[in-house]
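[1] Requesting a structural model of the entry that follows:
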Amino acid sequence: MSQNELKRDYVIGDDEVMQRADALVLSMQRDAADFATRMVDAARISEIEDQSTAFKNHPTDQELLGLISTATEIKDATALNLRKKIATVRSMAETKFGNNGKFRTFDFGGLSDLPDSDLYRTARRVVRVGTSFLTDLASEGLTAAFLTEITNLADKLDKQIDDMEAAIETRDIKTQERVVLGNKLWNTMVKYANIGKSLYEFSDEARYNDYVLTESVGTGGSTPETPNS
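    Sure, this is the predicted structure:
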């Protein structure tokens with residue numbers, strides 16, 4: 001985890017925070033008359049509802065991972081097509097030149113293992129060298145149109161690499177935004193839950209328990225709930 005990465009102020013899951021926010025609002029609406037003695041009116045109760053709605057509407061990590069996966073699949077499909085076309089040129093050059101200097105000029109490398117960025121550069125080089133040897137390789141079936149196909153695929157791959165990286169960056173940003181929204185909601189919940197507990201601590205155990213947001217493990221008691229600043 002990066003030192004600058006935000007941390008959640010709560011230990012339960014996001015879905016459970018949403019459920020407990022809904023339950024807290026219902027309890028507060030039921031006990032509105034008592035909350036009014038603490039100057040908590042409908043407008044202040046709606047503060048939780050508004051923050052909860054914003055939290056619920058924010059993209060989930062599963063959605064964002066899906067976008068990354070889709071972008072990666074599209075990029076990989078283009079890369080595979082590009083490798084196939086470069087391999088065709090490699091076969092043409094090997095048949096025509098053997099393993100002499102002209103063939104080595106292409107520098108095909110380990111085509112199947114090339115990272116995407118290296119594959120892009122290899123494709124551009126193959127087009128340049130292939131164009132210079134087009135007359136020699138015409139007898140093997142190489143055409144300017146085939147080299148243009150490689151160029152177009154390389155350009156598409158370059159953009160799709162950017163698209164995939166953008167999806168990854170978006171996930172990082174949205175993840176931090178989700179933590180901010182979650183923490184804001186949670187701390188608002190804690191603030192009003194503490195008021196609720198104070199109202200019923202010595203008068204109504206059942207209602208008091210409605211305002212306990214988390215429970216200690218193994219002690220049977222409630223954990224202190226203090227909003228973070």
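[2] Residue 63 and residue 70: what is the separation?
    11 Å (Cβ to Cβ, to the nearest Å). Where C-beta positions appear, they are placed from N, C-alpha and C, glycine not excepted.
[3] Below-threshold pLDDT in the chain: ranges please.
    Applying pLDDT under 70 to the chain flags the ranges 1-4, 215-229.
[4] residue farthest from the centroid of it?
    residue 139 (49.1 Å; Cα atoms, centre = their mean).
[5] Setting aside sequence neighbours, what's the nearest residue to that residue?
    residue 96 (7.1 Å; Cβ to Cβ, 6 or more residues apart in numbering).
[6] so who does that neighbour touch?
    102, 136-137, 139-140 (Cβ atoms under 8 Å, 6 or more residues apart in numbering).
[7] So among these, which ones count as buried?
    102, 137, 140 (16 or more other Cβ atoms under 10 Å).
[8] need those in JSON lines with distance to residue 87 and secondary structure, can you?
    Below are those laid out as JSON lines (distance: Cβ to Cβ, whole Å; DSSP: H, G, I helix; E, B strand; the rest coil):
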{"residue": "102", "distance to residue 87": "18", "secondary structure": "helix"}
{"residue": "137", "distance to residue 87": "14", "secondary structure": "helix"}
{"residue": "140", "distance to residue 87": "13", "secondary structure": "helix"}
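[9] now residue 158: how far from residue 149?
    Residue 158 sits 15 Å away from residue 149, going by Cβ to Cβ.
[10] same thing with residue 203?
    Distance from residue 203 to residue 149, by Cβ to Cβ: 79 Å.
[11] would you list every one of the strands in this protein?
    Assigned strands in the chain: none (criterion: DSSP state E).
[12] got a list of what the residue positioned nearest the centre of it touches?
    Nearest residue to the geometric centre of the chain (Cα atoms, centre = their mean): residue 171, 2.6 Å. Applying Cβ under 8 Å, 6+ apart, we find residue 171 in contact with 61, 64-65, 67-68.
[13] Check the burial of residue 29 by counting its neighbours.
    If you count neighbours by other Cβ atoms under 10 Å, residue 29 ends up with 12.
[14] you'd agree it is up against residue 45?
    Yes - the criterion here is Cβ atoms under 8 Å, and residue 29 meets it with residue 45 at 6.4 Å.
[15] Residue 158 and residue 149: who's more crowded?
    Per other Cβ under 10 Å, whichever of residue 158 and residue 149 has more neighbours is residue 158, with 19 against 15.
[16] and the gap between the residue nearest to the more buried one when sequence neighbours are not counted and residue 25?
    Distances taken as Cβ to Cβ, 6+ apart place residue 120 nearest to residue 158, at 5.4 Å, with adjacent residues excluded. Plainly put, residue 120 is 53 Å away from residue 25 if you go by Cβ to Cβ.
[17] Sweet, I'm off.
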